[in-house]
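> what would the 3D arrangement of this be:
(2 chains)
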Amino acid sequence: MFGKALKVALVVLIISLLGIIIYATVVFNRPELMPPGPYHPRALVSEWQGYSVHPWVKIDPTKQYTLRIWGTRWPMFRDGYGYDDLVEEVIDEFQAGYPNVDVEYVLLPLDEVGKAMAEAVENSTPPNICIALFDPSLVESGLVVPINMFICDEPRVDIKATPATDFELSSLQAVSADNRLWAWPSWIAVKAWAGNAAILREAGIDVERVMLYGWSYEDILTMVATLRAREAGVPEQYMTYGLVLDTTATHVLDTLMEATGRGLVLSEDGDLMWQGEAIKSSLSFLEDVKAIKGFPEPVHMMTERMLELFWTGRAAVIGPVGPGFLRHVRERQDRITGSGVFSGKETVEPVLLPVPHPTGGMGSRCITVHAAAIFTCPGKGGADTAYLAVRLAEALARKEALWLAGELPVVPARTEDRQHGFEPVTVPDGASRRFLLGAAASGRMYRNLSSEMKEKERILREQEISPMMNLFWRGTLNPDEFERRLFESASHATKNQ
Amino acid sequence: MCSRILWSAIVFLTILVVTALNLPLVVSTVTFPGSVEANPGNYQITVPKCECSSAYRSLYLTHPHLRGYDVAELQERLLSLGFFRGKVDGVFGVSTDTAVREFQKAVSMEPTGLVTDSIWLRMATGPSRTLPAIAELPPGERRITVDVNRLVLTLYVEDEVIKKYPIAIGKWRTPTPIGEFVIISKDYAPGGAFGTRWMGLNVPWGGYGIHGTNKPWSIGSAASAGCIRMFNEDVEELFELVTVKTQVEIIGEEPGGDITRALKIGDMGHDVQVLQLYLRRGAFDAGPLDGRFGARVEAAVREMQKLYGLSPTGRVGVNELYVLGLR
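Presented below is the predicted three-dimensional model:
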């Protein structure tokens, strides 16, 4: 009797298990057959893979949620419409779908979001969403939410997931670490120099070719020498200079080293990347330009005259420049054409130019990627709150890119958005536009992955490299001595860790 | 008997002498009707330091004759009152002296021919002005706008207009400063050219303020040395309604001019106002157009520098002037 009962129970158990397995398999392949929840097969698999936030998180419609956003207070308005209006619109659209979600936002001044986020993460009090220059070193805190489950290889009908092919590959690479994606890419900014195409052509430079394929130190030295020969006998106050660069801190050296593929001073293991021929060749190039009087005197103060020399047609190349430079070009053009202001008799054709690379080598393009990262706050909300934050962050990242591309020459990370928001009016000519798109596609972002290395690099730059660059511009430190002192400083810093 | 009379005389004379010596002191402590009230509050009674503190001198017939715009103003006023029949030439001659004496007789004053503050006040026979009473003000921030084109001072609470007052502003050679300032002092003015009240403004390049007047007929014209003049009854009313730190926006022609020097925190002047205006046009929050390069202006400059890729030094040089459109 007992044995029979046991057999019946065993059969029932086996049939039940088979049923569950079949059901789970069907639902796994057709996830829309089962509503979201913690026991959804996809949810269980995601959890097992280490993703607690995924599209099958269940949202309780009776629960009140609150999300906090931190962003940048962009000081740009058009017809009274500013960035805060954009954020309000995104929030309103989001709340139409989720009326039980309150959203608060704080806009911080330019360039201060990164520092504020680092402090917030250290204190375990980050906002739910932060949209800023992506900082991979925050990942090690464990508070950043990976969004892999929301990005798919091909379009899906069962869940709202974005195909990876919608994004520029370089933008996904910028937000990747340990095979995970840690933020929604929003927009890409390209680091570049700028030039006066009119002067460059006179000096024998094929400007369009340079914008497509880059140029070397030798190309620039030849251009500077040509200009010097043309300007022989011209008084200093009327002379045209080959290069007028920003001598502040390490700006110029940063761009030159990034073009050699060494954007970071220290590797993740603490090894000095700026050493040997890599740095000596860049500094020697600058020294050679100085030797043939390609810079205005005094060299260490040429920054203060950068725009004046450019707009009076006396600078062939200036740099480095950011997206704000082309905005300035456009505004200046608007002022000249709109108010009838005389633009001057000099011909200035602003173009964006790649950073030069060492002769005989290949140049590397450098980009920065702004993205919307999602954070979990210990003790404040669980996977459901994070899910809502992921959805809101995606919408905000996309809208910000579209709006900003109308104000600055930045490239939306989503390739299809370039048709809508990337207005040609923000870029003065088609060649510069092609340059920007090409650089955004092939560029690389250099960021420290760990906060420890990030801090070491910051100290090295501020306390060693920046003062040495000041001495270099003043002519009291040569490239060999520079390289030797930097090596000693880095070794000393590494030993003290 | 004599000694008694003698002692009485000595005492009487002593009292008489002592009283005579102290009489000016006694008189000065008595308040007469019509004079400025004793200070009821904690306001410090000081002589306002104002650009329009040029002395209103006493005028009288002398040789050589006194000359000046104040004499011309006196002649115009007496002409409008019907006492002066000569030519308005700014020369205090016999005809002017005669007119002054006739006026003094007409208002029951001693016909001395001497023109002092009291004469100016008595000549103020403007139309009787019945001021509509201000009901209790609604809650909110109070601020003042001075329109130098329309010669009107407006009191606001938040965005609601509470009252408008007619004013006089600076002459062409001594214009009223344009910009955004605050009231930094409030005083009971000692009368005369400043009227009965004084409210000082934080204009960095001079001592300007809002005050009353002893020339109420000048209200509605450009007559002062830069200050904002009001009828005494108006400034007395406004005095009670605003406090120190009340914002005063003086609107008119926008600050203009070139910036010819490098600017940094601590600098002051018209060129700083121009910088503030252009920063504001660029959507950077530079605070009020008060001509002071403070922390707020420095923060706005840094924000502008970061946006346009310049080094965030907080100082304004040639690069920044190009970006702002000043070059």
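> residue ranges with poor pLDDT in the stretch 51-200 of chain B?
B:51-56, B:121, B:124-135, B:190 (pLDDT under 70).
> go again using 80 as the cut-off
Along the stretch 51-200 of chain B, segments meeting pLDDT under 80 span B:51-57, B:69, B:80, B:108, B:117-118, B:120-136, B:172-173, B:189-192.
> try chain A
Using pLDDT under 80, the flagged stretches of chain A are A:1, A:27-52, A:56, A:78-80, A:153-160, A:337-347, A:362, A:378-380, A:418-430, A:493-497.
> centre of the chain to the biggest helix by length in it, how far?
Counting by DSSP state H, the longest helix found in chain A is helix A:2-29. Computed by CA atoms, centre = their mean, to the nearest Å, the chain-centroid distance of helix A:2-29 equals 53 Å.
> please apply the same query to stretch A:111-119.
Centroid separation for stretch A:111-119 versus its chain: 15 Å, with CA atoms, centre = their mean.
> ditto for stretch A:457-466
Taking CA atoms, centre = their mean, one finds stretch A:457-466 lying 22 Å from the centre of the chain it belongs to.
> cool, stretch B:200-219 as well?
In terms of CA atoms, centre = their mean, the centre of stretch B:200-219 is found 2 Å from the chain centre.
> and stretch B:278-294, what's buried?
Within stretch B:278-294, the residues scored as buried using 16 or more other CB atoms under 10 Å in any protein chain shown are B:278-279, B:282-284, B:286-293. Yep, even glycine has a C-beta here, placed from its N, CA and C like the rest.
> buried set for the longest helix of chain A?
Applying 16+ other CB under 10 Å to helix A:2-29 flags A:A24 as buried.
> going by distance to chain A, which of the buried residues of stretch B:278-294 wins?
Nearest to chain A among the buried residues of stretch B:278-294 is B:A283, at 4.5 Å by CB to the nearest CB.
> the closest residue to chain B within the stretch 151-300 of chain A in helix, strand or coil?
Per CB to the nearest CB, A:T248 is where the stretch 151-300 of chain A lies closest to chain B, at 4.1 Å. What DSSP: H, G, I helix; E, B strand; the rest coil gives for A:T248 is coil.
> now do the contacts for it.
A:T303, B:S311 (CB atoms under 8 Å, 6 or more residues apart in numbering or on different chains).
> also B:E73?
B:E73 makes contacts with B:K215, as judged by CB under 8 Å, 6+ apart.
> wait, is it part of a helix?
Yes. Counting by three-state DSSP, B:E73 is located in a helix.
> nearest spatial neighbour of A:G263, skipping sequence neighbours?
Residue nearest to A:G263 in three dimensions, not counting chain neighbours: A:Y446, with 2.8 Å by CB to CB, 6 or more residues apart in numbering or on different chains.
> I'd assumed A:E258 was in contact with that neighbour.
Yes. A:Y446 is within contact range of A:E258, at 6.3 Å (criterion: CB atoms under 8 Å).
> joint contacts of the two?
Residues touching both A:Y446 and A:E258 by CB under 8 Å, 6+ apart: A:C366.
> who has more neighbours, these two?
Taking other CB atoms under 10 Å in any protein chain shown, A:Y446 and A:E258 do not tie; A:E258 has more neighbours (24 against 19).
> what distance do you get for that one to A:G443?
From A:E258 over to A:G443 the distance is 9 Å, taken as CB to CB, to the nearest Å.
> show me what the helix or strand where A:A371 lies is packed against.
Assigned by DSSP states H and E, A:A371 belongs to strand A:367-374. Where contact means 3 or more CB pairs under 8 Å, 6 or more residues apart in numbering or on different chains; DSSP states H and E, strand A:367-374 is packed against strand A:129-133, helix A:169-174, strand A:184-190, helix A:383-405.
> I'd like those laid out as CSV, including mean neighbour count.
Converted to CSV, these look like this (neighbours: other CB atoms under 10 Å in any protein chain shown):
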stretch, mean neighbour count
strand A:129-133, 24
helix A:169-174, 21
strand A:184-190, 27
helix A:383-405, 23
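> A:G204: which of these is closest?
For the helices and strands packed on strand A:367-374, the distance to A:G204 is smallest for strand A:184-190, at 25.6 Å, taking CB to CB.
> tilt between the closest one and strand A:129-133?
10 degrees (axes from the mean of the first three to the mean of the last three CA atoms, to 10 degrees).
> pull the CA atoms of strand A:184-190 into PDB?
Output of strand A:184-190 as PDB, limited to C-alpha atoms (Å, rounded to 0.1, in the frame of the first residue of the first chain):
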ATOM      1  CA  TRP A 184      23.400  54.500 -21.800                       C
ATOM      2  CA  PRO A 185      25.700  56.400 -24.200                       C
ATOM      3  CA  SER A 186      24.300  59.800 -25.000                       C
ATOM      4  CA  TRP A 187      26.700  61.800 -27.200                       C
ATOM      5  CA  ILE A 188      30.300  61.900 -28.400                       C
ATOM      6  CA  ALA A 189      32.700  64.900 -28.400                       C
ATOM      7  CA  VAL A 190      35.800  64.800 -30.500                       C
END
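> next structured bit after that strand?
Assigned by DSSP H and E, the successor of strand A:184-190 is strand A:192-196.
> in a strand, A:E457, correct?
No. According to three-state DSSP, A:E457 belongs to no strand; its state is helix.
> show the contacting residues for it.
Contacts of A:E457 (CB under 8 Å, 6+ apart): A:L264, A:V265, A:L266, A:N448.
> and if we set it to 6 Å?
For A:E457, the contact set (CB atoms under 6 Å, 6 or more residues apart in numbering or on different chains) comprises A:V265, A:L266, A:N448.
> spatially nearest residue to the last one (excluding sequence neighbours)?
Put plainly, it is A:N448. A:N448 sits nearest to A:K454 (CB to CB, 6+ apart), 3.8 Å away.
> so is the one you found in a helix, a strand, or just coil?
Applying three-state DSSP: A:K454 is helix.
> on that earlier part again, the buried residues of stretch B:278-294 also near chain A: which ones?
B:A283, B:F284 (CB under 6 Å from any CB of the partner chain).
> closest to A:D153 among the buried residues of stretch B:278-294?
So of those, ranked by how close each gets to A:D153 (CB to CB), first place is B:A283, at 42.4 Å.
> wait, is that closest one part of a strand?
No. Using three-state DSSP, the secondary structure at B:A283 is coil, not a strand.
> ok, it touching A:W74?
No. Look at B:A283 against A:W74 with CB atoms under 6 Å: they stay out of range, at 9.0 Å.
> so what sits against both of the two?
Joint contacts of B:A283 and A:W74 (CB under 6 Å, 6+ apart) do not exist.
> still on that earlier bit, can you redo the helices and strands packed on strand A:367-374 as JSON lines with distance to chain B?
Formatted as JSON lines, these follow (distance: least, CB to the nearest CB, whole Å):
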{"stretch": "strand A:129-133", "distance to chain B": "12"}
{"stretch": "helix A:169-174", "distance to chain B": "20"}
{"stretch": "strand A:184-190", "distance to chain B": "10"}
{"stretch": "helix A:383-405", "distance to chain B": "12"}
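> can you count the residues close to B:V318?
Look at B:V318: counted by other CB under 10 Å, it has 17 neighbours.
> so what does it have for phi and psi?
phi -70, psi -40 (degrees, to the nearest 10).
> re earlier: helix or strand right after the longest helix of chain A?
Next in sequence after helix A:2-29, counting helices and strands by DSSP H and E, comes helix A:41-49.
> show me which residues of that following helix are buried.
For helix A:41-49, using 16+ other CB under 10 Å, the buried residues are A:P41, A:R42, A:A43, A:S46.
> and stretch B:217-229, how far out from the chain's middle?
The answer for stretch B:217-229 is 9 Å, by CA atoms, centre = their mean.
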